[in-house]
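> Need a 3D model of the following:
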Amino acid sequence: MSSAPQLQPVLDRIDADFDNSLERLFALLRIKSISADPAFAADCKKAADHLAGDIATLGFATEVRPTAGHPAIVAKASGNGKTPGRPHVLFYGHYDVQPVDPLNLWHRPPFEPAVTTHADGRKIIVARGAEDDKGQLMTFLEACRAWKSVTGSLPLDVTIVIEGEEEIGSKNFVPFLEANKADLKADFALVCDTGMWDPNTPAITTSLRGLVYEEVRIKAANRDLHSGIFGGGAQNPIRVLTRILGGIFDDDGHITIPGFYDGVKDLPPDILAQWSKLNLTAESFLKPIGLSVPAGEKGRLLIEQISSRPTCDINGIIGGYTGEGSKTVIPAEASAKVSFRLVEGQEPGKIRKAFRDYVTARLPKDCKAEFGDHSSAPAIALDWNMKPLAAAKRALTEEWGKETVLMGSGASIPIVADFKRTLGLDSVLVGFGLDDDNIHSPNEKYDLKSFHKGIRSWARILAALADAPR
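Modelled structure (predicted):
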């Protein structure tokens, strides 16, 4: 039976109940579920228990399950699997949030949510986690609530999994997925941790860059040296390190590490044409952050540079004396943290080795390099012709009245690769975040419109997925 006739009453219910939806979100936002700081471990457990209790009221069989770190939630809609042929989706979100430092830059206490007015007149929800990811995951839960309230059931089978360690790399979540494979079987996953193209244009993220994060330490003398006595005669690790790092890029913004671009493909011409029409300019993208000239590969669109091309960035560099005043010293060592964003076709292990080989080959005598790896994740590229993708695209376009953009994300969401590798699931990535939401920064916000229309969007997507050809 088609879900379409029931959709309008569900949307009406969402509108009528929106104030209550907002209060339920606020209750979750008040919990200080900072996963990175052990002092907040009890708050993370509290957030898991709170969410599990809320989801249980929707008729889901809900459990808070332990991991080696913060707990996870697994919830199954009653009736799952009882109707042959119904699609079964796995929805993913995370309840943990980033630390709030520096606290003095917040305009109001970060765990006291409020609706305020943005400088341009938009109504916004301000709190840590408002967008990432509490506001986003609640859009889905509230859509399920409306379907259950109006029809007594959901239009398709739903399993929900919510973790508490996304902000610290989900290191205990992959073993959790492995251990709970049987409970998490589905046809595909839904992930709400991405964004819109702009405040009025919905988007589905179809590719995510991967990540390799390295640390390199160059060592020379066996102690710091006086630059008056040893200057000119002793190797300076800062000079060696900066020369090597500076050589990674040529004048056209290409990365010179041998083999770096092996396997990298250009976008399909029709997708490149679509992206070109979006007209992302330096004026619109860079000017608000005080910049004016794209710094990536010359001859590439700005949208390619930030979404579909691989990159290298030096994230931090340390060496020598950095305190007040002066100290004439040649340091014994210098270090840098370096990250690579990868695209489909690049293997994290090969990129890590290529970087280490590049550094080692350029070391002068009397210097040695030590390396440390922090994290890695492969890039993800979804099939542009996936049937669930087409259904979600139609539903979003109907809700927002603007053609849905299929876009690449320059960021990494490692869980998407984990779902593919561990559970064999492709993911449909739909989110309602905006570029100015200040996620991971002070004064995080989520547009009230994003929250309201996000709930309506998921209600439509559930109906569209239920009726889509399989």
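> what packs against the helix or strand residue 341 falls within?
Residue 341 is part of strand 333-342, with elements assigned from DSSP states H and E. For strand 333-342, the contact count by 3 or more C-beta pairs under 8 Å, 6 or more residues apart in numbering; DSSP states H and E identifies strand 210-219, helix 237-246, strand 311-319, helix 348-361 as packing neighbours. C-betas here are computed from N, CA, C, even on glycine.
> looking only at pLDDT, what's the mean for the shortest one?
Read it as strand 311-319. Averaged across strand 311-319, the pLDDT comes to 96.
> Next: the longest one.
Per-residue pLDDT over helix 348-361 has a mean of 97.
> For burial, what's the neighbour tally of the residue nearest to residue 33 when sequence neighbours are not counted?
Leaving aside its chain neighbours, residue 33 sits nearest to residue 47 (3.8 Å; criterion: C-beta to C-beta, 6 or more residues apart in numbering). Using other C-beta atoms under 10 Å, residue 47 has 30 neighbouring residues.
> For residue 47, give me its contacts.
28, 31, 33, 95-96, 164 (C-beta atoms under 8 Å, 6 or more residues apart in numbering).
> can you do 6 Å?
Applying C-beta atoms under 6 Å, 6 or more residues apart in numbering to residue 47 gives the contacts 31, 33, 95.
> As TSV, those with neighbour count would be great.
Output for those, formatted as TSV (neighbours: other C-beta atoms under 10 Å):
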residue	neighbour count
31	22
33	28
95	28
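> quick check, nearest of those residues to residue 10?
Set against residue 10, the nearest of the contacts of residue 47 by C-beta to C-beta is residue 95 (25.3 Å).
> picking up where we left off before, would you mind checking the average pLDDT for the strand holding residue 341?
97.
> Quick check: neighbours of it in the sheet, parallel or antiparallel?
As defined by DSSP bridges, the strand partners of strand 333-342 come to strand 210-219 (antiparallel), strand 311-319 (antiparallel).
> right, so of those strands, which gets closest to residue 417?
Per C-beta to C-beta, nearest to residue 417 of the strands paired with strand 333-342: strand 210-219, 7.5 Å.
> roughly how far is that closest one from the heart of the chain?
Remark: strand 210-219 is offset 21 Å from the chain centroid, using C-alpha atoms, centre = their mean, to the nearest Å.
> which residues touch it?
237, 240-241, 333-340, 342, 348, 351-352, 355, 359, 367-379, 412.
> filter those to the buried ones?
The neighbour count (16 or more other C-beta atoms under 10 Å) marks 237, 240-241, 333-340, 342, 348, 351-352, 355, 359, 367, 369, 376-379, 412 as buried among those.
> Where does pLDDT dip in the stretch 1-150 of the chain?
1-2, 78, 80-82 (pLDDT under 70).
> So what angle separates the directions of the strand holding residue 341 and helix 348-361?
150 degrees (axes from the mean of the first three to the mean of the last three C-alpha atoms, to 10 degrees).
> what's the first-to-last distance across stretch 317-328?
One end of stretch 317-328 sits 19 Å from the other (C-alpha to C-alpha, to the nearest Å).
> Let me know the distance separating the most centrally placed residue in the chain from residue 433.
Geometric centre of the chain, nearest residue: residue 413, 4.5 Å, by C-alpha atoms, centre = their mean. Plainly put, residue 413 is 12 Å away from residue 433 if you go by C-beta to C-beta, to the nearest Å.
> So which of the helices and strands packed on strand 333-342 is the most surrounded?
strand 210-219 (a mean of 21; mean count of other C-beta atoms under 10 Å).
> how much does that strand deviate in direction from helix 237-246?
Using the same axes, to 10 degrees: strand 210-219 against helix 237-246 is 150 degrees.
> And the helix or strand just after strand 210-219, what does it pack against?
Downstream of strand 210-219, the next assigned helix or strand under DSSP H and E is strand 225-226. Here strand 225-226 touches no other helix or strand, going by 3 or more C-beta pairs under 6 Å, 6 or more residues apart in numbering; DSSP states H and E.
> so what strands line up beside strand 225-226?
strand 329-330 (antiparallel).
> Centre of the chain to the partner strand, how far?
41 Å.
> Residues in contact with it: which ones?
Strand 329-330 is contacted from outside by 224-225, 227, 230, 234, 236, 320-321, using C-beta under 6 Å, 6+ apart.
> Mind doing that once more with 7 Å?
By C-beta atoms under 7 Å, 6 or more residues apart in numbering, the residues outside strand 329-330 that reach it are 224-225, 227, 230-231, 234, 236, 320-321.
> likewise stretch 100-114?
Contacting residues not belonging to stretch 100-114 are listed as 26, 29-30, 32, 125-128, 130, 442-443 [C-beta under 7 Å, 6+ apart].
> Going by neighbour count, which residues in it are buried?
Result for stretch 100-114 [16+ other C-beta under 10 Å]: buried residues 100, 106, 110-111, 113.
> Could you do stretch 430-441 as well?
Quick answer for stretch 430-441 (16+ other C-beta under 10 Å): 430-434, 437-439.
> Mind checking the pLDDT average for that stretch?
95.
> what about it, distance to the chain center?
10 Å.
> about what we covered before: would you format the strands paired with strand 333-342 as CSV with distance to residue 389 included?
Formatted as CSV, the strands paired with strand 333-342 follow (distance: least, C-beta to C-beta, whole Å):
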stretch, distance to residue 389
strand 210-219, 20
strand 311-319, 26
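> out of these, which comes closest to residue 392?
Of these, nearest to residue 392 by C-beta to C-beta is strand 210-219, at 23.4 Å.
> And for the residue lying closest to residue 344 once chain neighbours are set aside, the neighbour number?
Spatial nearest neighbour of residue 344, excluding adjacent residues (C-beta to C-beta, 6+ apart): residue 381 at 4.1 Å. Look at residue 381: counted by other C-beta under 10 Å, it has 16 neighbours.
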